[in-house]
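Student: Predicted model, plus sequence, below.
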Amino acid sequence: MDSILIIDDKHAILESLEMFFTEKGYHVLTADRGRDGLRRFREHDPQVVILDIRLPDVDGIALLEQIQEAEHPCKVIMITAFQDMETTIQAMKLGAYDYIHKPLDVDKIEKAVERALYTMKIDQEPPLVAEITQPPNPEVIIGKSDRMGKIFQTIGMLSQNRAHVLIQGATGTGKELIARVIHRNSLYAREPFVTFDCSAVVETLLESELFGHEKGAFTGAAQSKEGKIALAGNGTLFLDEIGELPRVMQRKFLGFLQRNAYDRVGGTHPLRSRCRIIAATNRNLTDRVREGKFRQDLFYRLKVVMIHVPLLVERRSDIPDLVRHFLQKINWELGTEIFNLEKGVMDLLVSHDWPGNVRELENVLVEAVVRSRGNVILVEEIENILSSSSPFATIPLTHYSLPYMEKEHIRKTLERLNWNRTETAKVLGISPPTLRKKIRKYAIEPAA
Ligand SMILES: Nc1ncnc2c1ncn2[C@@H]1O[C@H](COP(=O)(O)OP(=O)(O)OP(=O)(O)O)[C@@H](O)[C@H]1O
């Protein structure tokens, strides 16, 4: 039988909680003084302590500290009539499981007790992840799916040459990580790895940022400055969002790729470079070429080796490994000890749609770890985070349009129901002919 120790100097509270929890089948112990409470705690090893923060003989926070030092696992729920920042922070810092304000709502206390006991049970299960004793390697790509396997092969192939690479994939899929791993596995791994975001610099400064400039080349150029190409030396220049490079710069950059030489702004003699270019884009560059927004010759020059990084939903089988990897990493970085997931959490994470891909998964886990009490992440916590984080947070504004949302909603429902149109029409609340019309209108078809 689970036992609860209630420590409070108000007899009315002691009696009502004792009656309530005894009726619910718990073994209940009570104490109206702190010292007496500590003695009873040591004698009876209760699983949960409900502890009033203000007691006549000892300070509830000091008592909490002593209880937390005990060997046997126990969760402490603090209760208080006072809303005071310092004490609340102190109590949570010392590892209090929950903090409930008076007047007491028994349902709330019961829920907290149930949660505490449940968390303790999962805490005692074999851990999903082990504690690591070395800092995690930041340049490791997790993934056993076929799609990732192909990417690993390509990285291996690239390790012996300096071919330029184009990495295409949606936001947060791991393009920069792949670029770093290509660099680390190359023959020039000790040379610099320099990143440059083509969308983050105003057009007028792009040329000088990339190629550098001479003193006096333009107003404000008080000193000569090396560009990113020079900084990359014999290493790698990672150009993020290459699709955003303005047309004028595309021509100049193509010139550099063709000659392996470039001029600083205001420079009089060309400078040579041996750096490898790894360009990344979350746009479909083929479409940009077709629209006339990206030079075809530059596209061909860059895509000598092309890597398509799949969406996280296209490799759901990698999610459990990613979750384990991130939990270890987060524990290391934040000093937390979350070693387990409640049953059901992994299924929830595997079935989520992840518009922000791997980055979003990592962020959700960070939030869950920070919020969790005990050593476990509960389904309820993940559900709260997933429902509160806007599903649109990582989606471009153009995707907010109603037709786009309608198309996506129909496609997802079809996928979920294995492309059974009758079932899909039923779920969507429209007739099968209307569904057929919409499928034709939006050209919805199964992914190849
Ligand atoms: N396969 C993976 N294994 C481990 N970590 C990953 C993986 N893919 C991505 N990550 C992590 O996810 C985060 C986002 O990855 P990254 O910055 O490489 O994405 P990106 O595609 O370059 O994003 P963006 O297009 O928004 O710049 C990083 O913290 C990265 O380490």
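Tutor: Cool, the structure landed.
Student: now Trp354, nearest residue through space, not along the chain?
Tutor: Excluding the flanking residues, the one nearest Trp354 by CB to CB, 6 or more residues apart in numbering is Leu312, at 4.4 Å. All C-beta spots, glycine's among them, are computed from the backbone N, C-alpha and C.
Student: quick one, what contacts that neighbour?
Tutor: Leu312 sits next to Gly172, Thr173, Asp318, Ile319, Trp354, Asn357, Val358, Glu360, Leu361 when contact means CB atoms under 8 Å, 6 or more residues apart in numbering.
Student: and the residues you listed as JSON lines, adding neighbour count, secondary structure and pLDDT?
Tutor: Formatted as JSON lines, the contacts of Leu312 follow (neighbours: other CB atoms under 10 Å; DSSP: H, G, I helix; E, B strand; the rest coil; pLDDT from 0 to 100):
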{"residue": "Gly172", "neighbour count": "22", "secondary structure": "coil", "pLDDT": "93"}
{"residue": "Thr173", "neighbour count": "25", "secondary structure": "coil", "pLDDT": "95"}
{"residue": "Asp318", "neighbour count": "22", "secondary structure": "helix", "pLDDT": "95"}
{"residue": "Ile319", "neighbour count": "23", "secondary structure": "helix", "pLDDT": "97"}
{"residue": "Trp354", "neighbour count": "23", "secondary structure": "coil", "pLDDT": "92"}
{"residue": "Asn357", "neighbour count": "22", "secondary structure": "helix", "pLDDT": "94"}
{"residue": "Val358", "neighbour count": "24", "secondary structure": "helix", "pLDDT": "96"}
{"residue": "Glu360", "neighbour count": "21", "secondary structure": "helix", "pLDDT": "94"}
{"residue": "Leu361", "neighbour count": "20", "secondary structure": "helix", "pLDDT": "95"}
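Student: Columns distance to the ligand on top of the residues you listed, output as TSV?
Tutor: Below are the contacts of Leu312 laid out as TSV (distance: CB to the nearest ligand atom, whole Å):
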residue	distance to the ligand
Gly172	5
Thr173	5
Asp318	7
Ile319	11
Trp354	11
Asn357	7
Val358	4
Glu360	9
Leu361	8
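Student: ok so, going back, how close does the residue nearest to Trp354 get to the ligand?
Tutor: 8 Å (CB to the nearest ligand atom, to the nearest Å).
Student: Quick check: residues of the protein near the ligand?
Tutor: Along the chain, the residues adjacent to the ligand under the rule CB under 6 Å from any ligand atom are 141-143, 169, 171-177, 240, 282, 322, 325, 358-359, 362.
Student: Which of those residues fall in helices?
Tutor: Counted as lying in helices by DSSP state H, out of the residues of the chain next to the ligand, are Lys175, Glu176, Leu177, Leu322, His325, Val358, Arg359, Glu362.
Student: Thanks again, I'm all set now.
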